[in-house]
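1. how does the following fold in three dimensions:
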Amino acid sequence: MTTVSNVDRSSAEFARNAQHYATLLATLHERMAWAVRGGGERLMQRHMERGKLPVRERIDLLLDVGSPFLEIAPLAAWGMYNNEVPAAGVVAGIGLVEGVHCMIIANDATVKGGSFFRETVRKHVRAQEIAAQNRLPCLYLVDCGGAYLPEQDQVFPDWGHFGTTFYNQCRMSAEGLPQLSAVFGGCTAGGAYIPALSDEAVIVQGTGRIHLGGPPIVKAAINEIVDGETLGGAAMHTRVSGVTDYLAADERQALAKLRQIVRHLNMPPALPLPVGITLPPRFDASEIAGIVGGDMKQPYDVREVLLRLIDDSELQEFKPEYGSTLVCASAHIHGLPVGILANNGVLFSESSMKGAHFIELCNQRNIPLLFLQNITGFMVGTQAERGGIAKHSAKLVYAMSTARVPRLTVLIGGSYGAGNYGMCGRGFAPHFLFSWPNSRIATMSPEVATTVLTELRKSSLKGDSADEELASLARETTEQFTRQSDPYYATARLWDDGIIEPTQTRDVLGLCLQLLAQSSPRATGPSPVFRM
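-> From the prediction side, this is the model:
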């Protein structure tokens, strides 16, 4: 049982690491400010002059007072489209409404009129996936111009594109998960289907509109000239077409009505966290920055990170003397049990088998799994291959993939190659996956990739220009892998559910575990605990 920290907080190394991490956090805060800013001051002012509230203010008014809001992928589309699509034009996250955990998906009309880009659709679909997994009602705050037409081939035809959002709405409604909408602005084309497919819908008088084809499309299609209010205004849809169910005089009234609808859903309230029996960590989470630093080549003991995340810093480690490069341990976070698999170096056959064994124990005991990734991959070389690393690593991948309990993943360092797979990367559908600002994700590190590609190229190069070509290839490869392994490159493309700070991690995981505890049935079926 580990409760003692060996970190020297007065050392020069700790100070250097902390200083470097402070720079990483400053960058994160700056980019989060970009996400919150929406379409900018001018468009925000015009939005408010129309009597409309900023999207995050709508969410604040919808949520219960004091409710946390777990936002999903706030930095989606960072560095893309000339940085003109903050947060991909949609805010999504989980919060309490009338005591019920709800998924809120809210368009930001100050960003390209709330239109859907590729990342907007991916974020919308990801939010719905989380809602379906955790049995959450979906509340859509609709202010949506439909697909962004210049990007139509990226948002319209394929699975996972705009149509999938409507498919998900239908499926969730059929499964008893309420789909509720409040319409604040113009909802055109695909945007019209969000309220039309909802179980109940509220629309705001004067600003809310719904039409499959707006006035320009109607004129082009059937040569009818009609204004937007007549075609799809709030009064018409509430009193004539019946597309919407409630007419609100303004946005505040619409949000109050949405809360009232949730109050009468007959949904179970959120389970309270067992605060009374929960002890905080004995060591300060702010010290994590001084432990991990930003140098991927500098090792540290991952137990020191765990001691700053778990209740009372009490860690019951499994097989502590065997397979030491993978720490497997039972602990609690905010009073909820969790089985932790955390990297402490490259994965050998022994650590892989140990991890598979531990996963089966957690299955048997119905304990969710938490993977903390800082991994270069599985061991390579003649000795490793003769020892069966391919077979043993596959056992870990198999056990993780077929786990019958919920899985959470946090990238706290490198996430490279098959190590990403064995430690429950995005491709293995963890219930939630978050990253730290120092994390990196790629098939391999820039240094290894550069070595591999230049060695492969050497055999085919001859003549005086060989050295120059190899140097050029090395520069290009290093630049590509450095840029593409950056955590902001990853989160912009929704390879994670967001970048979080080490000091936020305990609370984020606590909320996720709370959601999973109330939504996940007990693991059933055979649970062979085997020794390998």
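
2. quick check, Glu57 in a helix?
-> Yes: counting by DSSP: H, G, I helix; E, B strand; the rest coil, Glu57 falls inside a helix.

3. show me what counts as buried in the regular element (helix or strand) spanning Val121.
-> Secondary structure assignment for Val121, by DSSP states H and E: helix 118-133. Neighbour-count burial for helix 118-133, counted by 16 or more other Cβ atoms under 10 Å, picks out 118-128, 130-133. C-beta: built from backbone N, CA, C; applies to glycine.

4. for the record, mean pLDDT for stretch 478-492?
-> For stretch 478-492, the mean pLDDT works out to 94.

5. just stretch 368-375 next, same as before
-> If you average the pLDDT over stretch 368-375, you get 97.

6. which one of the buried residues of helix 118-133 is nearest Asp507?
-> Nearest to Asp507, judged by Cβ to Cβ, of the buried residues of helix 118-133 is Ile130 at 17.4 Å.

7. contacting residues around the closest one?
-> For Ile130, the contact set (Cβ atoms under 8 Å, 6 or more residues apart in numbering) comprises 72, 94, 103, 136, 431-432, 497.

8. do that again at 10 Å, thanks
-> 70, 72, 92-94, 103, 136, 138, 431-432, 497, 512, 515 (Cβ atoms under 10 Å, 6 or more residues apart in numbering).

9. so which of those are in helices?
-> 512, 515 (DSSP state H).

10. tabulate the contacts of Ile130 in JSON lines, adding columns for distance to Thr238, pLDDT and neighbour count.
-> Output for the contacts of Ile130, formatted as JSON lines (distance: Cβ to Cβ, whole Å; pLDDT from 0 to 100; neighbours: other Cβ atoms under 10 Å):
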{"residue": "Leu70", "distance to Thr238": "33", "pLDDT": "97", "neighbour count": "22"}
{"residue": "Ile72", "distance to Thr238": "31", "pLDDT": "98", "neighbour count": "25"}
{"residue": "Ala92", "distance to Thr238": "27", "pLDDT": "98", "neighbour count": "27"}
{"residue": "Gly93", "distance to Thr238": "29", "pLDDT": "98", "neighbour count": "22"}
{"residue": "Ile94", "distance to Thr238": "30", "pLDDT": "98", "neighbour count": "22"}
{"residue": "Met103", "distance to Thr238": "25", "pLDDT": "98", "neighbour count": "24"}
{"residue": "Leu136", "distance to Thr238": "27", "pLDDT": "97", "neighbour count": "24"}
{"residue": "Cys138", "distance to Thr238": "21", "pLDDT": "98", "neighbour count": "26"}
{"residue": "His431", "distance to Thr238": "38", "pLDDT": "97", "neighbour count": "23"}
{"residue": "Phe432", "distance to Thr238": "38", "pLDDT": "98", "neighbour count": "25"}
{"residue": "Asp497", "distance to Thr238": "36", "pLDDT": "98", "neighbour count": "28"}
{"residue": "Cys512", "distance to Thr238": "38", "pLDDT": "97", "neighbour count": "25"}
{"residue": "Leu515", "distance to Thr238": "34", "pLDDT": "94", "neighbour count": "23"}
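
11. strands - which of the contacts of Ile130 land there?
-> Within the contacts of Ile130, residues falling in strands by DSSP state E are 70, 92-94, 103, 138, 432.

12. ok, which pair from those is furthest apart?
-> Every pair of these checked by Cβ to Cβ; the farthest is Cys138 and Phe432, at 17.1 Å.
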